[in-house]
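A.B. asks: just need the structure, nothing else, for what follows:
(2 chains)
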Protein chains: 2
Amino acid sequence: MKYTIIAIGDELLIGQVTDTNSGWIARHLTPYGWEAQSFKVISDDSHSITQAIEEAFEHTDVVLMTGGLGPTKDDITKPALCDYFGGELVYNETTAANVRSVMAKRNLQVNEYTRLQAMVPTSCRVIQNQVGTAPIMWFERDGKVLVSMPGVPFETEAMMEREVIPQLLKRFHRDEVIMFRTFMIMGIIESDLAMMLDEFERNLPQCLHLAYLPQPGLMRLRLTGISADAETLKSQMTHQEKELHRLLGKAIIADEDIPLADILGRKLRESKLTLSTAESCTGGNIAHVITEIAGSSDYFKGAVVSYANEVKTCVLGVSPDVLETEGAVSQPVVEQMVRGVSELLHTDCAVATSGVAGPGGGTPDKPVGMVWMAAKCGDRVVSQVKRLPGDRHRVIDRATTEALLLLLRLIQQ
Amino acid sequence: MKYTIIAIGDELLIGQVTDTNSGWIARHLTPYGWEAQSFKVISDDSHSITQAIEEAFEHTDVVLMTGGLGPTKDDITKPALCDYFGGELVYNETTAANVRSVMAKRNLQVNEYTRLQAMVPTSCRVIQNQVGTAPIMWFERDGKVLVSMPGVPFETEAMMEREVIPQLLKRFHRDEVIMFRTFMIMGIIESDLAMMLDEFERNLPQCLHLAYLPQPGLMRLRLTGISADAETLKSQMTHQEKELHRLLGKAIIADEDIPLADILGRKLRESKLTLSTAESCTGGNIAHVITEIAGSSDYFKGAVVSYANEVKTCVLGVSPDVLETEGAVSQPVVEQMVRGVSELLHTDCAVATSGVAGPGGGTPDKPVGMVWMAAKCGDRVVSQVKRLPGDRHRVIDRATTEALLLLLRLIQQ
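C.D. replies: Below is the predicted model:
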């Protein structure tokens, strides 16, 4: 089933807010064989809304719309939907009761504006929003369906999962099966990978397609298959999967699309190893990406963010002399940090970072983007220095990835 | 100047990658009075590309395009651009030299695929990519301009800043001035704020517009002004800004669109206070958002992520008895954590968190989403418990925000 997503909001078009709803929706509909034709972001403006709907229905029978709903006055979506689908805005008591109940759960008073949320077009079927006050509206005409949802990601996600996806699947169904396999690749850049897989790709059956999805420090490789014959497709996918493993060997660090911290976490859990981090320039981000993984308490014990040098010496036991002579951004310091934290927190493994995240603090010897990092596993300690490009955020992100990769390689050795 | 952004990539349409380029571009063109008409995300497919370009040029004279360029075979953007603008793909030696130079800087070998990147349409002017291998292509016909850029955010951002924005501004210019003021509001929900500002909004002059941009735990309020008369607009903006301060008072915690961690950081710097964090369920995320702010080393000394209870007792000095009787997610534990970390790292202020981020670990007494947090400033310690909705990521994010707000309120008292 093909569909279009329209996101409404001036705040999106000036870049103040990033539209994450469209990607979320696509991620959750793709496994059912639903294919997004396009995402479009438009402004809070009747004409733009009507035009986008018309354009979308030219290409697809389903339009999913987010945003443009809310208690304040910059929202004009409901009248635009009335113009397009007919009907008029009327007060809906069931919706009003839902708004009151949601507000009560949050210990908030219903005021004049939240009361306005109970006004809905007569031309739609309302799906009550269980986690917010803006109602979800299902319009249908000539076999075409438009679902209007709030812009708050939490609300759209919850209501897509609970109501909208099940109702869409019930309303439409398709015969073709779609399958995905994603592989995470360590240590090969995109163009080298393309060379290695040139023949593999040329020999792929018609129903299979390979895509390269580079991300900092890692490559994702996605094999997609579409066919009416599920059994044959499954066996073809399995065959090509084996072939990829034969060609790429240990470079494949995971057979599914999971974060690097999750890949590392699974290896640690398998080997019954515990982990800690000692972070200077990454400022807690390594600990954060590790603890974003559910169940990370099985192997992660804690971290020391030693932003000030005094914390490096007093808490992690880095030698003040070495700090003085070598500077904080140096191999001996980062190695003392990694040993210090694993001793303090009693862990088998540890990673440590010290670098210049910028924009200030760079010197000719130690420029912005220079990061020393160390990893420890048992008695083995390795360290490396990287010159990472980009702004502060990018340096922190990339140093986090490189430090996790350093430990992953050390554990796999 | 109105423009359209088109992002190309199957990986975007299945939600595997989020398009951040469009928002970035808009954020950087808006201050020059450039107005995005729409963003569109489409697939790596000639027909979709041609159609999106035609559609875009119906509404705007400028189209900025990202993605669909790269050394692997799933890219078909260049031939599609040749179809639309005419010309043919030819080997461009200057571009080839640039590819070689970029690859050399990265210590990488030029292979057959990277060599393909030097093939460019004869109908475009090439802007050499200084930070990557995919060339930027500037097409122009009948006064309409299309700029094709790579999909890698780092490359697009760098090249927009260095070349594309300056060249666009030189090529087009406009008479109207656009001004923004953004205000960060603490402690008032959207619908209450709308009630408070009802009269203010009704009395705004025609050229000014107010928008409500809720984000978890905070509200952003944006005042936009557009006029041909810069002086009058400026004085009107200033007048309304004062009016907003009169109406909202201390609820306005910043007069610009900056992250909460930055607002807090500025208050700490002003008051010459230092900060540390002790984190259990937030797992280092508070330290991370604090250290994402450039210059945070002025006030932030470090953090202890005490994921394991043993770290709470041994490093932060939480009483094992209290931990046993009250549990880790409790008021006394979080208060001992905040005192412990500020003592260990010698800071004036500190925040601490302990909660159930989920999805596992919830009990009837202490369900998923329950988070205790404490803040300390000098001798004063405050604590609160929150029941935060959503999944693990959302609980961590929201707990981070609430902990920072708790400290901000304590400092402002």
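
A.B. asks: now do the strands in the stretch 151-300 of chain A.
C.D. replies: For the stretch 151-300 of chain A, the strands defined by DSSP state E, counting those that start in this stretch occupy A:177-186, A:208-215, A:218-227, A:252-254, A:275-279, A:300-306.

A.B. asks: typo on my end, the stretch 301-413 of chain A
C.D. replies: With strands called from DSSP E, counting those that start in this stretch, the stretch 301-413 of chain A shows them at A:349-355, A:370-377, A:380-387.

A.B. asks: pick the most buried one from those.
C.D. replies: Mean neighbours per residue, mean count of other C-beta atoms under 10 Å in any protein chain shown, is largest over the strands of the stretch 301-413 of chain A for strand A:349-355, with a mean of 29. The C-beta positions use only the backbone N, C-alpha and C, and glycine is treated the same way.

A.B. asks: got the angle for that strand vs strand A:370-377?
C.D. replies: Interaxial angle of strand A:349-355 relative to strand A:370-377 (axes from the mean of the first three to the mean of the last three C-alpha atoms, to 10 degrees): 170 degrees.

A.B. asks: strand A:300-306 and strand A:349-355, what's the angle between them?
C.D. replies: Strand A:349-355 and strand A:300-306 are oriented at 20 degrees to each other (the same axes, to 10 degrees).

A.B. asks: for strand A:349-355, which strands pair with it and how are they oriented?
C.D. replies: strand A:275-279 (parallel), strand A:370-377 (antiparallel) (DSSP bridges).

A.B. asks: average pLDDT across that strand?
C.D. replies: Regarding strand A:349-355, the rounded mean pLDDT is 98.

A.B. asks: how about stretch A:29-47?
C.D. replies: Rounded mean pLDDT across stretch A:29-47 is 91.

A.B. asks: thinking again about what came up before, of the strands of the stretch 151-300 of chain A, which is nearest B:Q206?
C.D. replies: The closest of the strands of the stretch 151-300 of chain A to B:Q206 is strand A:208-215. By C-beta to C-beta, the value is 46.6 Å.

A.B. asks: for stretch A:391-403, C-alpha coordinates in PDB please.
C.D. replies: Only the C-alpha atoms of stretch A:391-403 are listed here, as PDB (Å, rounded to 0.1, in the frame of the first residue of the first chain):
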ATOM      1  CA  ASP A 391      31.600  21.100  15.300                       C
ATOM      2  CA  ARG A 392      31.400  20.400  19.000                       C
ATOM      3  CA  HIS A 393      28.300  18.100  18.700                       C
ATOM      4  CA  ARG A 394      29.900  16.100  15.900                       C
ATOM      5  CA  VAL A 395      33.200  15.700  17.700                       C
ATOM      6  CA  ILE A 396      31.400  14.400  20.900                       C
ATOM      7  CA  ASP A 397      29.200  12.100  18.800                       C
ATOM      8  CA  ARG A 398      32.100  10.800  16.700                       C
ATOM      9  CA  ALA A 399      34.400  10.300  19.700                       C
ATOM     10  CA  THR A 400      31.700   8.300  21.400                       C
ATOM     11  CA  THR A 401      31.400   6.000  18.400                       C
ATOM     12  CA  GLU A 402      35.100   5.600  18.000                       C
ATOM     13  CA  ALA A 403      35.600   4.800  21.700                       C
END
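
A.B. asks: what lies in contact with that stretch?
C.D. replies: A:216-218, A:260, A:281-283, A:285-286, A:289, A:351-353, A:355-359, A:368-369, A:371, A:373, A:375, A:384, A:386, A:388-390, B:154, B:288, B:291-292, B:294 (C-beta atoms under 8 Å, 6 or more residues apart in numbering or on different chains).

A.B. asks: could you give the number of residues near A:I411?
C.D. replies: For A:I411, the count of nearby residues is 20 (other C-beta atoms under 10 Å in any protein chain shown).

A.B. asks: how many other residues sit next to the nearest residue to A:V305 once chain neighbours are set aside?
C.D. replies: Computed as C-beta to C-beta, 6 or more residues apart in numbering or on different chains, the closest residue to A:V305 that is not its neighbour in sequence is B:A303, at 3.8 Å. Applying other C-beta under 10 Å, we find 34 residues neighbouring B:A303.

A.B. asks: now for A:M179: which residues touch it?
C.D. replies: A:224-226, A:233-234, A:237.

A.B. asks: where along the stretch 151-300 of chain A do the helices fall?
C.D. replies: Using DSSP state H, counting those that start in this stretch, the helices of the stretch 151-300 of chain A run over residues A:153-159, A:165-171, A:190-196, A:198-202, A:230-248, A:260-270, A:285-291.

A.B. asks: gap between A:P320 and B:E201?
C.D. replies: When distance is defined by C-beta to C-beta, to the nearest Å, A:P320 is 59 Å away from B:E201.

A.B. asks: tell me which of those two has more neighbours.
C.D. replies: A direct count of neighbours by other C-beta under 10 Å for A:P320 and B:E201 places B:E201 higher, at 15 against 12.

A.B. asks: quick check: that one vs B:I178, distance?
C.D. replies: From B:E201 over to B:I178 the distance is 19 Å, taken as C-beta to C-beta.
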